[in-house]
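> Here is a sequence together with a model predicted from it:
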Amino acid sequence: MVLRIEQVRAIVKGAARVEERNGEFRFNRFTEAQTEVYRNCGNSDFYKKSFATSSIRLAFRTDSEKLSFTYRLEVGSSRSFGWFDLYLNGLLTNHFGTDGIQMTGGSVAIDLGKGEKCVELYLPWSRAAILSNIELDDGAMLEPISRPHTMIAFGDSITQGYDATYPSLSYASTLARLLDAEIFNKGIGGEIFFPALAEQADPIEPDYITVAYGTNDWSHSTPEEFTAHCRSFYQTLSALYPNAKIFAITPICRLDCERKTKFGAPTYTVDTRIRELCADLPNVTVICGWNFTPAFKTFYSDDHLHPNDLGFGLYAQNLYREIQKHL
């Protein structure tokens, strides 16, 4: 059976909305209002990145012995590759996609085996994955799977997923599994504290919110600009989501942290400034992320800034350990 739009909407996780156009399904992690904010922000690159399918997945229980679909990949980041991960009963069993050099799409047929199983298909963080002809066995059972908690993750390229080879192993997706939470990933590569985004509330009541900006602010903002943007962002979130536990994650280690920027101090000093700006917000907890990823090039895809799968694994585990102390 080929899945209809109602069935797809029931099993998709992490998408604020799902659209069907000419038989293809598009998954948007931003609401219409949030997308408009990026359309009008004056940065077309950020707008394009808003369509990346970061942390979006299909999650369902089925007795079908196969899953097949066709996919197209559109721009969603500065990276050309686009990879999918498939989990069966919580175990990673399939990894596929394209390096983007010669292919921007394809068709997939996956043997799921006999009996009932839980299926989770993670879409690429680096591209906008557009699916069509999603098919299971005729008459197969299809039951949505949902985690008990909900979270929103704000951040820059590291939150979006740069540079996980396996989309399910980005820190945001890994943290969501550890917290047993459905995640709405709002990460945008290159982004800074952007108060206009915080002002557009999601139509959910999240249990947790993580915010991980600061490294690009350090690169591009003066102390005065940083103060205004950071303070406004956290004040807005605190007021919009008074019942959520909000975690302000200060920048992880970057190996060029002593480089001179408009901020006028090393990257790790951002931690102190964020603590000062959030001190009077009762539902905001500041967590220092500086040592979550070791200061060795081995843990970075580009030798200094973006974690690889190994670095992301340590980042997520260390962050989860700190968050647990406040739950």
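Alright, I've got the coordinates.
> Verify the contact between residue 120 and residue 84 for me.
No. Contact criterion C-beta atoms under 8 Å: residue 120 and residue 84 do not qualify, at 10.8 Å. Every C-beta, even on glycine, is put in place using the N, C-alpha and C of the backbone.
> More neighbours: which of these two?
residue 84 (25 against 21; other C-beta atoms under 10 Å).
> who's in contact with that one?
For residue 84, the contacting residues are 71, 94, 95, 96, 97, 108, 121, 122, 123, 124, 129, 167, by C-beta atoms under 8 Å, 6 or more residues apart in numbering.
> Also residue 99?
80, 81.
> Apply 10 Å and report the result again.
Residues in contact with residue 99 (C-beta atoms under 10 Å, 6 or more residues apart in numbering) are 79, 80, 81, 82, 83.
> could you pull out the helices for this protein?
5-11, 32-39, 44-49, 157-160, 171-179, 195-198, 215-220, 223-240, 270-278, 309-324 (DSSP state H).
> I'd like to know which elements the last one is packed against.
In terms of contacts (3 or more C-beta pairs under 10 Å, 6 or more residues apart in numbering; DSSP states H and E), helix 309-324 is packed against helix 157-160, helix 171-179, strand 208-212, strand 245-249, strand 284-287.
> So which of these is nearest residue 313?
Nearest to residue 313, of all the helices and strands packed on helix 309-324, is helix 171-179, at 6.9 Å by C-beta to C-beta.
> and the angle for the closest one with strand 245-249?
Between the axes of helix 171-179 and strand 245-249, defined by axes from the mean of the first three to the mean of the last three C-alpha atoms, to 10 degrees, the angle is 140 degrees.
> Buried residues of helix 171-179, list them for me.
For helix 171-179, burial by neighbour count (16 or more other C-beta atoms under 10 Å) applies to 171, 172, 173, 174, 175, 176, 177, 179.
> Residue 157 is in contact with the second one, correct?
No. Here residue 172 does not reach residue 157: they are 11.4 Å apart, not a contact under C-beta atoms under 10 Å.
> Which neighbours do these two have in common?
Joint contacts of residue 172 and residue 157 (C-beta under 10 Å, 6+ apart) are 125, 187.
> end-to-end on stretch 218-229?
With C-alpha to C-alpha, to the nearest Å as the measure, stretch 218-229 spans 12 Å from end to end.
> Also stretch 16-31?
Note: stretch 16-31 ends 5 Å apart using C-alpha to C-alpha.
> could you point out where this structure is predicted with low confidence?
Applying pLDDT under 70 to the chain flags the ranges 102.
> Any idea how many residues pack against the closest residue to residue 79 other than its chain neighbours?
Leaving aside its sequence neighbours, residue 79 sits nearest to residue 126 (C-beta to C-beta, 6 or more residues apart in numbering; 4.3 Å). Close neighbours of residue 126, defined as other C-beta under 10 Å, add up to 29.
> For residue 149, which non-adjacent residue is spatially closest?
residue 181 (3.8 Å).
> isn't that neighbour right up against residue 207?
Yes. Counting by C-beta under 10 Å, residue 181 touches residue 207, with 6.5 Å between them.
> Please enumerate the shared neighbours of these two.
Joint contacts of residue 181 and residue 207 (C-beta under 10 Å, 6+ apart) are 148, 149, 150, 151, 152.
> With that, I have no additional questions.
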